[in-house]
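*Asks:* 3D, please:
(one chain, ligands or ions: 1)
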Amino acid sequence: MAVFEGTFANVDSLRFAIVIGRFNDLVTGKLLEGCQDCLKRHGVDTNPEGTQVDYVWVPGSFDIPMLARQMALTQRYHAVICLGAVIRGQTTHFDYVAGEAAKGIAAASFQTGVPVVFGIVTAETMQQALERAGIKSNLGWSYAMNALEMASLMEQVNDSQRDPETQALPDFKGHQFQQES
Ligand code: INI
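*Replies:* This is a model prediction of the structure:
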């Protein structure tokens, strides 16, 4: 038997998609900076012209799951990171936007077999959101750590399940998740 744990090394072959909401971009822009900083410090080339990270900007958090799922469906990425900010003080439909973002992101992950990181900051006020996006700490950094860990973990679990001759993964649920190397 085995113990599987994600690592934060051997990142050269990993690819990520980051889906970012423009709504409250004062906050989401800072989350993105924290996220990129963490990926870079772990050896990932975050340059959009490079081969490791693609970026998708969407109008707001409600729209994130659609694009997160679409990116994950390509099976080109080892993880998709979703970055958004939903602030209660500014909207009466906070619960709908935040709730649908959470449900949709979970569905995108389950439907595709690709880790999709829930990086949506929910806050009562802009001040509170900014504190979580750089003033006190930057949750963008943590979301990148989650993506590195989940990407590594999925690689390890998948590798342990591959057919030794064909390297194919088992047909877990009638779907063959073939990740490009
Ligand atoms: N989108 C957010 O990311 N944060 C919010 O706080 C927000 N508010 O306040 O409404 C918000 N709304 C836009 C929504 O995400 C969609 O972009 C829009 O409804 C179009 O689908």
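*Asks:* CA only for contacts and neighbour counts going forward, please
*Replies:* Fine.
*Asks:* around the closest residue in space to residue 112 that isn't next to it in sequence, how many other residues sit close by?
*Replies:* Excluding its sequence neighbours, the residue lying closest to residue 112 (Cα to Cα, 6 or more residues apart in numbering) is residue 73, at 5.8 Å. By other Cα atoms under 10 Å, the residues close to residue 73 number 17.
*Asks:* in the chain, which helix is the longest?
*Replies:* Criterion DSSP state H: the longest helix present in the chain is helix 139-161.
*Asks:* check which helices and strands it sits against.
*Replies:* With contacts taken as 3 or more Cα pairs under 8 Å, 6 or more residues apart in numbering; DSSP states H and E, helix 139-161 sits against helix 25-41, strand 79-87, strand 116-123.
*Asks:* quick one on the thing from earlier: measure the residue nearest to residue 112 to residue 65 for me?
*Replies:* 12 Å (Cα to Cα, to the nearest Å).
*Asks:* again, but for residue 72
*Replies:* Distance from residue 72 to residue 65, by Cα to Cα: 10 Å.
*Asks:* circling back: avg pLDDT for the longest helix of the chain?
*Replies:* The average pLDDT within helix 139-161 is 95.
*Asks:* pull out the buried positions in that helix.
*Replies:* Using 16 or more other Cα atoms under 10 Å as the test for burial, helix 139-161 gives 139-155, 158.
*Asks:* got the contact list for whichever strand or helix holds residue 130?
*Replies:* Following DSSP states H and E, one finds residue 130 within helix 126-131. Helix 126-131 is touched from outside by 26, 27, 85, 87, 89, 121, 122, 123, 137, 138, with contacts defined as Cα atoms under 8 Å, 6 or more residues apart in numbering.
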